[in-house]
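# Got a predicted model here, sequence first, then my questions.
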Amino acid sequence: GAVVSQHPSRVICKSGTSVKIECRSLDFQATTMFWYRQFPKQSLMLMATSNEGSKATYEQGVEKDKFLINHASLTLSTLTVTSAHPEDSSFYICSATPFHGGELFFGEGSRLTVL
Amino acid sequence: AQRVTQPEKLLSVFKGAPVELKCNYSYSGSPELFWYVQYSRQRLQLLLRHISRESIKGFTADLNKGETSFHLKKPFAQEEDSAMYYCALSGQGGANNLFFGTGTRLTVIP
């Protein structure tokens, strides 16, 4: 099956710094990628839909200035957590699909810890 | 608004016993329903989707629009079925933005 890779898998940062997480589709082109957030023992919450070459669509309650999403190419989307705070500590997961309505392939996730 | 409910956080069954993981949904239109599975230390992966009407690894799920349910079933559980199972809903006919339930951790006891 198709492969989606996230980097880094773990990151620890100080409060107030910004952190960038990359999501790459390794063997297919993805016009759309999705970013999720998962708190411990809770479900995945869709944060935003990342569209190549255009602005991301954010879900209600997600601060677009806090979570910057850039989808610069058909194989790469980045999530930047700006001015991170301890409450931003979470597991961030991306997914991508080769075509609209196709199967979603998930990355392995990135665990962010903000001290 | 869409909602996916998985009432059981934990479910344990003995090997060879039938298993049913419950999922109920709320959506005003015609949703597409999925089951995703996450084995230990692995990423989420699609198990099955209702439009495919297929059996994967012995699992089946039938969409019941009257009861707004999409329960996952397997007649004989295996140890390798132990995993986290998420029911998910996609709205707007073919859209990929998924809304997940809270998940059910299935443990199959040898």
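Arrived safely.
# for the spatially most central residue of chain A, phi and psi?
In chain A, the C-alpha nearest the mean C-alpha coordinate belongs to A:Trp35, at 3.8 Å (CA atoms, centre = their mean). When read as degrees, to the nearest 10, the backbone of A:Trp35 gives phi -120, psi 130.
# A:Ile69 is in contact with that one, correct?
Yes. If you go by CB atoms under 8 Å, A:Trp35 and A:Ile69 touch, sitting 6.4 Å apart. All C-beta atoms are positioned from the backbone trio N, CA, C, and that covers glycine.
# any shared contact partners between these two?
Residues touching both A:Trp35 and A:Ile69 (CB atoms under 8 Å, 6 or more residues apart in numbering or on different chains): A:48, A:50, A:77, A:79.
# Verify the assumption that the second one is located in a helix.
This means A:Ser50. No. According to DSSP: H, G, I helix; E, B strand; the rest coil, A:Ser50 belongs to no helix; its state is strand.
# dump the residue contacts of it.
By CB under 8 Å, 6+ apart, the neighbours of A:Ser50 are A:32-35, A:56, A:69-71, A:77.
# Kindly recompute the last result at 10 Å.
A:23, A:30-35, A:56-58, A:69-71, A:76-79, A:94, A:96 (CB atoms under 10 Å, 6 or more residues apart in numbering or on different chains).
# Show me which of the shared contacts of A:Trp35 and A:Ile69 is closest to A:Glu87.
A:Leu79 (16.3 Å; CB to CB).
# in a strand, that's where the closest one is, yeah?
Yes. The assignment for A:Leu79 by three-state DSSP puts it in a strand.
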